[in-house]
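What shape does this take:
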Amino acid sequence: MTTPAFPPLFEGMPATGQKTPFAQACDAAKKGCDAGLVTYDLGAHQLSAAIVFAPETRLDDALAILPLCGVGFQNALGALAPPEVAVHLDWDGTIRVNGGRCGILQIAASTLDPDHEPDWIVVALTLQLWPDDPETGHIPDHTALYAEGCADVDAVALLEAWIRHTLVWINRWDDEGAAPIHKEWTGIAYQINEKTTVDGRSGIFLGVDEKFGLLLRDDDNTTLIPLTNLLKDN
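Residues are numbered from 1 along each chain as shown. From the prediction side, this is the model:
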């Protein structure tokens, strides 16, 4: 398989052993690796990768990197897939292809304190390429990339494109703030203004606030669920 090529300031490292790229990236970040490390595993059925970031802002602002990476992935797959393939994002990081759950983005950080500046943040991508079960349809609402008309999308090219498009959005974030990310993400968010359930709470998904916290309306009450709720143990 071709070794992925990344833009300057990004360095690829294939995953080894039993740990996932997510876990390996977190381990490397704890040891003080440079930002821009990309760990990856390009399996026959699944693409897994993770990026190490070193934000210079407090955690509740820095967590915009999760929806930013989601926008970067949507743009990357949108450029490589046939035009009729629809790619949307759930607030919790779920990636949907033609409405079905096809992958997920996850996030971890060196701190859980929203007011503290994290030493590092890791965003991980897991994408199902082929169904684990050849008899598709056994798991409702789940799909795989190559089962959705994307069999010509090369996994290496997709990983490279994700990094490139994510870098474009990081540069926009630096230059213009979070507003362009907010606008782009809202345009590809899955089922805004429809009923959803998050963290055991159900209501109408109204959208997100300026820090990408989810706004959930139940009867006459609106609840804000912050992005910090999505942080994974590392």
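
Grab the longest helix from the chain for me.
helix 155-176 (DSSP state H).

ok and the helix or strand following that one relative to helix 155-176, angle-wise?
The helix or strand immediately downstream of helix 155-176 is helix 179-188, counting by DSSP states H and E. Per axes from the mean of the first three to the mean of the last three CA atoms, to 10 degrees, the angle that helix 179-188 makes with helix 155-176 is 130 degrees.

Start at 706, not 1
Got it, first residue is 706 now, which makes that one helix 884-893.

what comes into contact with helix 884-893?
Contacts to helix 884-893, defined as CB atoms under 8 Å, 6 or more residues apart in numbering, come from residues 769, 772-773, 775-776, 779, 792-794, 874, 877-878, 897, 912-913, 915, 917. For glycine as for every other residue, the C-beta is placed from the backbone atoms N, C-alpha and C.

rerun at 7 Å
Helix 884-893 is contacted from outside by 769, 772-773, 775-776, 779, 792-794, 874, 877-878, 897, 912, using CB atoms under 7 Å, 6 or more residues apart in numbering.

In helices only, show me those residues.
772, 773, 775, 776, 779, 874, 877, 878.

which of those sit farthest apart?
779 and 878 (15.7 Å; CB to CB).

coming back round to it: mind listing what's buried in the longest helix of the chain?
860, 863-872, 874-875, 877-878 (16 or more other CB atoms under 10 Å).

What are the boundaries of the helices in the chain?
Under the criterion DSSP H, helices of the chain are mapped to 726-735, 764-767, 770-785, 860-881, 884-893.

which residues touch the residue nearest to the spatial centre of the chain?
Centre of the chain computed as the mean C-alpha position; nearest residue by CA atoms, centre = their mean is residue 810, 3.1 Å away. Contact partners of residue 810, counting by CB under 7 Å, 6+ apart, are 771, 774, 775, 798, 800, 828, 829, 830.

Longest strand in this structure, please.
strand 805-814 (DSSP state E).

Relative to residue 870, how far out is residue 862?
12 Å (CB to CB, to the nearest Å).

Next: residue 718.
Distance from residue 718 to residue 870, by CB to CB: 20 Å.

May I ask which helix or strand of the protein has the lowest mean pLDDT?
When each helix and strand of the chain is scored by mean pLDDT, DSSP states H and E, strand 900-903 comes last, with a mean of 90.

returning to that earlier point: rebuild the helices of the chain as CSV, extending it with distance to residue 742.
Output for the helices of the chain, formatted as CSV (distance: least, CB to CB, whole Å):
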stretch, distance to residue 742
helix 726-735, 6
helix 764-767, 17
helix 770-785, 14
helix 860-881, 11
helix 884-893, 22
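
With distance to residue 713 and mean pLDDT added, can I get those helices in TSV?
Listed next are the helices of the chain as TSV, based on distance: least, CB to CB, whole Å; pLDDT from 0 to 100:
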stretch	distance to residue 713	mean pLDDT
helix 726-735	19	97
helix 764-767	22	96
helix 770-785	17	98
helix 860-881	9	97
helix 884-893	22	97
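
measure stretch 907-921 end to end?
Using CA to CA, to the nearest Å, one end of stretch 907-921 lies 8 Å from the other.

ok, now stretch 723-743?
Taking CA to CA as the measure, stretch 723-743 stretches 17 Å from start to finish.

Just list the residues touching residue 899, thanks.
Counted by CB under 7 Å, 6+ apart, residue 899 has contacts 909, 910.
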